[in-house]
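**Student:** Need coordinates for the below:
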Amino acid sequence: FKPTVILVSALLTAQVRGGADELTPCLAGTSLGERFPLAYDVCNVDDNEHWELDILHEEAADTCDFDKLKAAFTAQMNDGLCLMNQLGWIDENGDLDNEAVQNDLATVDPIVVQNINQEAIGMCIQDHHEELAELLDESECDFTDEQEQELDDINEKIADYKCLLQTFAAACHASLVTGNRHEPRVPFP
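**Tutor:** Predicted structure coming up:
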């Protein structure tokens, strides 16, 4: 992962560890300072809902209901996609608009970006894959290989933004605890 890609993905959703408010100190004075919390609200991302979806994952797997399981995973994934769209980071084809992202990231404190731990992100993503495999194994359902692959593809997208967000939040927190932060590079009204 490149730090820019990591930060982009980290900002996609804030349903982990306290929501959008946790990132406010690291986004204050940046181009994302007001836009990110607004996008969070517009997309109606609910911290509790994501933990409820984890329970729905287990319930759907226990009953071998592929459609319910896929729906729970898809709802979780769509939060990240909604936020990207609200931030203007997705073009009309659904592809990442690198120029828009770069413009926003140029305003974020470089100390925060430097504190992003790529190894932790990779381990978290691997844990997501293992958790899905365990969920499917424990369910003893007869999902087809195609169905399992479909769930894994959705789970990969969920893991990408959840893990990257956790790492960004940790980097933000570390910069606040140490007091090792700079003023934003480009002031915004």
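
**Student:** From now on I want contacts and neighbour counts done on CA atoms only, so please keep to that.
**Tutor:** OK.

**Student:** which strands and helices sit next to the helix or strand containing Leu135?
**Tutor:** Using DSSP states H and E, Leu135 falls within helix 118-139. Counting contacts by 3 or more C-alpha pairs under 8 Å, 6 or more residues apart in numbering; DSSP states H and E, helix 118-139 packs against helix 47-62, helix 145-178.

**Student:** So which of those is the most surrounded?
**Tutor:** Comparing the helices and strands packed on helix 118-139 by mean neighbour count (mean count of other C-alpha atoms under 10 Å), helix 145-178 comes out on top with a mean of 19.

**Student:** got any ranges where this protein has weak pLDDT?
**Tutor:** Along the chain, the parts satisfying pLDDT under 70 run over 1-20, 46-56, 94-96, 161, 164-165, 179-189.

**Student:** Tally up the residues packed near Glu92, please.
**Tutor:** Glu92 has 9 neighbouring residues, counting by other C-alpha atoms under 10 Å.

**Student:** Three-state assignment for it, please.
**Tutor:** coil (DSSP: H, G, I helix; E, B strand; the rest coil).

**Student:** Tell me which residues of stretch 33-43 come out buried.
**Tutor:** Neighbour counts over stretch 33-43 (16 or more other C-alpha atoms under 10 Å) mark Gly33, Arg35, Phe36, Pro37, Leu38, Ala39, Tyr40, Cys43 as buried.

**Student:** oh sorry, the question was meant for stretch 88-95
**Tutor:** Gly88, Trp89, Ile90.

**Student:** Output those residues in TSV, with distance to Val108 appended to each entry.
**Tutor:** Putting the buried residues of stretch 88-95 into TSV (distance: C-alpha to C-alpha, whole Å) gives the following:
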residue	distance to Val108
Gly88	17
Trp89	16
Ile90	19
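
**Student:** which one of those is nearest Gln166?
**Tutor:** Nearest to Gln166 out of the buried residues of stretch 88-95 is Trp89 (C-alpha to C-alpha; 19.8 Å).

**Student:** I'd guessed that closest one sits against Gln102; true?
**Tutor:** No - using C-alpha atoms under 8 Å as the test, Trp89 is too far from Gln102 to be in contact (9.7 Å).

**Student:** Contacts only, for the residue sitting furthest away from the middle of the chain.
**Tutor:** Relative to the centre of the chain, and counting by C-alpha atoms, centre = their mean, the farthest-placed residue is Asp142 at 30.0 Å. Residues in contact with Asp142 (C-alpha atoms under 8 Å, 6 or more residues apart in numbering) are Cys64.

**Student:** let's see it at 10 Å
**Tutor:** The contact partners of Asp142, by C-alpha atoms under 10 Å, 6 or more residues apart in numbering, come to Cys64, Phe66, Leu136, Glu148.

**Student:** Check whether Glu150 really touches Lys70, as I assumed.
**Tutor:** Yes - here Glu150 reaches Lys70: they are 8.2 Å apart, a contact under C-alpha atoms under 10 Å.
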